[in-house]
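[1] Sequence and computational prediction follow.
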Amino acid sequence: MDKQTCFFCYVWILVLMSSCQADRVLYVSLIGDDGCSGTVESPVATLRRALEMARGEKDRRVTVYLRGGTYYSEEPVVFTAADGRGDHAGLTVRAYGDERVVISGARRLTGLKWDAYRGGIMKASVPEAGIVFDELFVNGQLQHSARYPDYDPGARYYNGVAADVLDPERAGRWSNPAGGYVHASHRHEWGGYHWMITGKNAQGEPELEGGWQNNRLMGMHPERRFVENIMEELDAPGEWFFDRDTRTLYFYPPETVDLPEALLETPQLASLFEFRGTGAEPVRNIRIEGLELTHTVRTFMDTREPLLRSDWTISRSGAVLMEGAVRCSVGNCFFNTVGGNAVFFSNYNRENEVSGCHIAYAGASGVCFVGDPGAVRSPSFEYGEFVPVEELDREAGPKTDNFPAACRVCDNLMYGLGRVEKQVAGVQISMAQDITVSHNTVYDVPRAGINISEGTWGGHIIEYNDVFNTVLETGDHGAFNSWGRDRYWHPNYATMTGIVREHPELILLDAVKTTVLRNNRFRCDHGWDIDLDDGSGNYHIYNNLCLNGGLKLREGFHRMVENNIIVNNSFHPHVWFPASGDVFARNIVSAGYYPIRVNDWGKEVDYNVFPDRIALEKAQAAGTDRHSIYEDVQYVDAGRGDFRVKEGSAAFAVGFKNFDMDRFGVVSPALKALAKQAPIPELIRLTGKEEDVQELLGMKVKNITTLGERSAAGLGDASGVWLVEVPEGSPAGTALRPGDVITGINRTPVRNVREMREALIRSGSRVVFLIFRNQREQEVTIIKQ
């Protein structure tokens with residue numbers, strides 16, 4: 001080695017040593033002291049002190065390690081532009097090693113002296129003033145505010161609902177219901193509402209304040225409602241009530257709780273970390289990593305800001321709230337039963353990221369991106385509102401840069417969201433641009449897994465996500481849902497037709513960039529797998545696997561849908577306008593299309609694969625699919641979720657291409673080990689000629705073709721499907737028997753095997769069969785996989 005080379009190596013070693021020496025590491029411990037130096041041997045006691053010390057180290061990378069334990073926060077940790085860092089001098093706040101670090105927004109209740117009250121209920125005085133009692137955790141488990149009806153973990157809606165929650169007879173039992181809450185589904189299942197009970201009127205009826213949590217104000221559902229936080233409803237183990245007047249906590253402990261030794265915590269804060277900058281002076285290069293974040297208060301009474309003309313209102317809050325942040329991130333954190341949103345990006349945000357996180361049982365949404373309505377040109381704020389065409393701003397795109405853009409949500413596990421609020425999503429996007437949502441697993445949610453509220457301003461990439469068990473407590477929605485009620489959109493069809501005919505240049509003024517849905521797996525059993533609703537436009541949708549609910553395009557323009565596989569369902573075009581520019585091509589469908597009010601079929605609907613000749617000919621008779629084919633498509637291993645098409649299929653001749661079936665959802669090994677698996681449906685298909693014995697849902701069935709079959713069933717005509725064999729292990733094995741005749745499914749008449757298959761495809765997970773058994777008509781219900 002020559003001297004010059006040695007010299008440069010020596011200089012490079014000095015640079016590396018200097019770089020290592022430049023890093024600063026600070027330590028925080030529950031047994032530390034804020035007067036200490038912050039070393040591992042002499043840690044400080046609070047994160048606040050460590051961050052003060054980090055501010056003096058702006059030119060060096062700083063890592064703040066929190067040692068194991070639970071840190072109870074009396075106020076949020078707030079990062080401002082003064083905490084921001086240069087690109088090569090970032091700040092990381094993280095757990096030390098594999099130690100469990102919990103950041104709690106709760107107050108720990110200590111020194112309580114419990115006395116028996118009545119019927120298993122205990123009571124204790126809480127003398128300290130100012131404590132919020134919104135939720136109660138006992139030994140880490142969420143308990144339930146005294147409610148009617150009682151909490152039922154198996155109930156579909158709100159864990160138990162009843163129509164009579166506000167009836168005079170029940171309300172008459174309440175001596176002082178002020179401070180109680182009424183929660184209810186939307187009348188049309190488009191989310192939910194919440195009211196606070198402020199007292200009773202002269203007639204003894206509850207007086208309510210609220211109902212603003214939905215942007216389609218149509219009143220509460222007549223049956224799906226419950227009340228909570230009312231003393232007289234305290235009657236079941238796990239329920240509690242706090243009397244604010246006497247400052248007395250009442251609790252009905254479960255048998256497993258040793259109350260004198262129990263840990264009781266009640267959330268106090270709406271957020272734990274806040275990034276508070278602006279577009280001009282943002283917070284830069286700060287990362288939160290490896291922490292457990294928990295015990296934030298519910299925010300449902302603050303959910304009142306309308307998101308333009310979508311169905312949503314929102315509370316700009318979250319356990320982590322970012323506004324005015326650049327290249328900041330949250331990684332590998334566990335959001336454990338927070339009361340509202342987990343992460344919220346409000347207004348100006350650039351290049352921020354949420355990755356590797358586990359978000360479970362949040363009261364509202366997982367991750368939200370919401371921009372400033374002031375950045376929107378010609379905005380309207382409710383479904384029926386609109387700006388007259390002659391008054392519309394004709395300039396494309398946003399007015400300002402005060403919105404989230406170029407941010408990422410990747411490799412996150414989210415489930416059990418919407419524990420309190422029902423107009424929620426795993427990822428919610430409104431008034432934002434270029435958001436990437438990739439490799440997330442989202443399931444067990446009351447509404448959409450991923451939602452885009454409007455076209456402003458597009459450019460989003462939605463890819464490799466695994467989204468299932470969605471729309472569990474609502475309806476008319478999808479695993480992926482979007483609206484496109486942009487500035488040109490009008491709720492009246494005839495008016496809209498005139499607008500887009502005379503002013504097509506208006507259509508993409510807000511949706512200025514194409515949004516891409518690709519390589520996702522979606523399943524919805526109570527709606528559509530992919531639901532582009534009310535004007536959603538400028539989408540490219542390809543290489544998606546739809547497992548149950550099909551794909552819907554309502555209104556809207558410039559949607560290209562290609563190379564998708566739609567299992568046990570089909571294409572649902574609804575209410576298309578002339579010259580939509582839509583394309584539906586090279587897709588595999590499992591049934592004929594289900595059009596509603598479609599007279600103009602867009603730019604191209606062709607080169608698709610249908611399940612049989614009848615379905616194809618019906619489409620061709622409507623003027624589509626001239627070059628499409630029909631085939632009983634054979635998949636590599638459908639039972640295990642591998643829906644790649646086998647070699648030799650005619651589908652390849654019309655341009656279909658296989659895509660990967662093993663890249664959906666989270667990629668981190670730890671998250672993959674925790675995640676549920678998407679339920680893979682049994683294929684609903686005909687296996688031979690229609691007059692032959694077929695297999696559907698594991699049963700062997702056939703058309704009634706003989707006089708003897710008709711006579712044995714007691715049918716007045718030969719319409720219906722004869723059950724030849726019903727194995728005990730099949731989905732229908734507990735409800736149906738050989739010899740039954742199916743004449744209807746979910747109120748749809750069934751006259752033959754083909755109609756049975758079509759009805760099963762459209763039925764969702766709950767199937768109500770109308771059958772003849774022993775010459776008598778009756779109904780039986782099954783839940784299909």
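    Happy to help now that I have it.
[2] Can you give me every residue that contacts the nearest residue to residue 608 once chain neighbours are set aside?
    Among residues not flanking residue 608 along the chain, residue 628 sits closest, at 4.5 Å (C-beta to C-beta, 6 or more residues apart in numbering). In short, each C-beta sits where N, CA and C put it, glycine included. By C-beta atoms under 8 Å, 6 or more residues apart in numbering, the residues touching residue 628 are 606-610, 616, 619-620, 654.
[3] Distance of residue 628 relative to residue 406?
    39 Å (C-beta to C-beta, to the nearest Å).
[4] try residue 703
    58 Å.
[5] Settle it for me: which of those two has more neighbours?
    residue 703 (21 against 16; other C-beta atoms under 10 Å).
[6] Please list only the buried members of the contacts of residue 628.
    Buried residues within the contacts of residue 628, counting neighbours by 16 or more other C-beta atoms under 10 Å: 606-610, 616, 619, 654.
[7] what comes up buried for stretch 737-750?
    By neighbour count on 16+ other C-beta under 10 Å, the buried set for stretch 737-750 is 739-746, 750.
[8] for stretch 678-688, same thing?
    Buried residues in stretch 678-688 (16+ other C-beta under 10 Å): 678, 680-686.
[9] In JSON lines: these, plus secondary structure, distance to residue 268 and pLDDT.
    Converted to JSON lines, the buried residues of stretch 678-688 look like this (DSSP: H, G, I helix; E, B strand; the rest coil; distance: C-beta to C-beta, whole Å; pLDDT from 0 to 100):
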{"residue": "678", "secondary structure": "coil", "distance to residue 268": "38", "pLDDT": "98"}
{"residue": "680", "secondary structure": "coil", "distance to residue 268": "44", "pLDDT": "96"}
{"residue": "681", "secondary structure": "coil", "distance to residue 268": "45", "pLDDT": "93"}
{"residue": "682", "secondary structure": "coil", "distance to residue 268": "49", "pLDDT": "90"}
{"residue": "683", "secondary structure": "coil", "distance to residue 268": "52", "pLDDT": "91"}
{"residue": "684", "secondary structure": "coil", "distance to residue 268": "51", "pLDDT": "87"}
{"residue": "685", "secondary structure": "coil", "distance to residue 268": "56", "pLDDT": "81"}
{"residue": "686", "secondary structure": "coil", "distance to residue 268": "60", "pLDDT": "72"}
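[10] Switch those over to a markdown table; also include distance to residue 183.
    Formatted as a markdown table, those follow (distance: C-beta to C-beta, whole Å):
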| residue | distance to residue 183 |
| --- | --- |
| 678 | 29 |
| 680 | 34 |
| 681 | 32 |
| 682 | 36 |
| 683 | 39 |
| 684 | 37 |
| 685 | 42 |
| 686 | 45 |
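[11] ok, so what distance separates residue 755 from residue 591?
    Per C-beta to C-beta, residue 755 is found 11 Å from residue 591.
[12] overlap in contacts of the two?
    Common neighbours of residue 755 and residue 591, counting by C-beta under 8 Å, 6+ apart, are absent.
[13] higher neighbour count, those two?
    Using other C-beta under 10 Å, the more surrounded residue of residue 755 and residue 591 is residue 591, with 23 against 19.
[14] Ignoring the adjacent residues along the chain, who's closest to the more buried one?
    residue 570 (4.3 Å).
[15] sorry, back to before: tell me the two of the buried residues of stretch 737-750 that are most distant?
    Of all pairs drawn from the buried residues of stretch 737-750, the widest gap by C-beta to C-beta lies between 739 and 746 and measures 22.0 Å.
[16] So which residues of the stretch 251-400 of the chain form strands?
    Ranges of strands in the stretch 251-400 of the chain, per DSSP state E, counting those that start in this stretch, are 264-267, 273-276, 283-284, 286-289, 292-294, 305-306, 313-314, 320-326, 329-331, 334-336, 343-350, 353-355, 358-360, 367-370.
[17] Please compute how far the second one lies from its chain's middle.
    The chain centre lies 24 Å from the centre of strand 273-276; the measure is C-alpha atoms, centre = their mean, to the nearest Å.
[18] what's the answer for stretch 489-499, then?
    30 Å.
[19] Not counting its own residues, what contacts it?
    With contacts defined as C-beta under 8 Å, 6+ apart, stretch 489-499 is touched by 309, 383-384, 386, 389, 488, 506, 534-535, 555, 575, 577-578.
[20] cool, and stretch 32-51?
    With C-beta under 8 Å, 6+ apart, stretch 32-51 has contacts from 25-31, 53, 64-67, 71, 77, 79, 83, 93.
[21] Output it in PDB with nothing but the alpha carbons.
    Listed next in PDB are the C-alpha coordinates belonging to stretch 32-51 (Å, rounded to 0.1, in the frame of the first residue of the first chain):
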ATOM      1  CA  GLY A  32     -33.300   8.600  37.300                       C
ATOM      2  CA  ASP A  33     -33.000  12.200  38.400                       C
ATOM      3  CA  ASP A  34     -33.400  15.300  36.200                       C
ATOM      4  CA  GLY A  35     -30.300  16.800  37.800                       C
ATOM      5  CA  CYS A  36     -28.200  14.000  36.400                       C
ATOM      6  CA  SER A  37     -26.100  14.000  33.300                       C
ATOM      7  CA  GLY A  38     -28.200  11.600  31.200                       C
ATOM      8  CA  THR A  39     -25.600   8.900  30.900                       C
ATOM      9  CA  VAL A  40     -26.400   5.200  31.200                       C
ATOM     10  CA  GLU A  41     -25.000   5.300  34.700                       C
ATOM     11  CA  SER A  42     -26.600   8.600  35.600                       C
ATOM     12  CA  PRO A  43     -30.000   8.800  33.700                       C
ATOM     13  CA  VAL A  44     -32.500  11.600  33.900                       C
ATOM     14  CA  ALA A  45     -36.000  11.000  35.200                       C
ATOM     15  CA  THR A  46     -38.200  12.600  32.400                       C
ATOM     16  CA  LEU A  47     -38.300  12.600  28.700                       C
ATOM     17  CA  ARG A  48     -38.900  16.300  28.900                       C
ATOM     18  CA  ARG A  49     -35.500  16.900  30.500                       C
ATOM     19  CA  ALA A  50     -33.800  14.700  27.900                       C
ATOM     20  CA  LEU A  51     -35.300  16.700  25.100                       C
END
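[22] Now that stretch: average pLDDT?
    Mean pLDDT, computed over stretch 32-51, is 98.
[23] Identify those among the buried ones among the contacts of residue 628 that sit within strands.
    Among the buried ones among the contacts of residue 628, the ones falling in strands (DSSP state E) are 606, 609-610.
[24] Out of those, flag the one nearest to residue 101.
    residue 609 (52.6 Å).
[25] how far away is the closest one from residue 53?
    64 Å.
[26] same deal with residue 82?
    From residue 82 to residue 53 the distance is 13 Å (C-beta to C-beta).
[27] Who has more neighbours out of the two?
    Just comparing residue 82 and residue 53: by other C-beta under 10 Å the higher neighbour count belongs to residue 53, 16 against 10.
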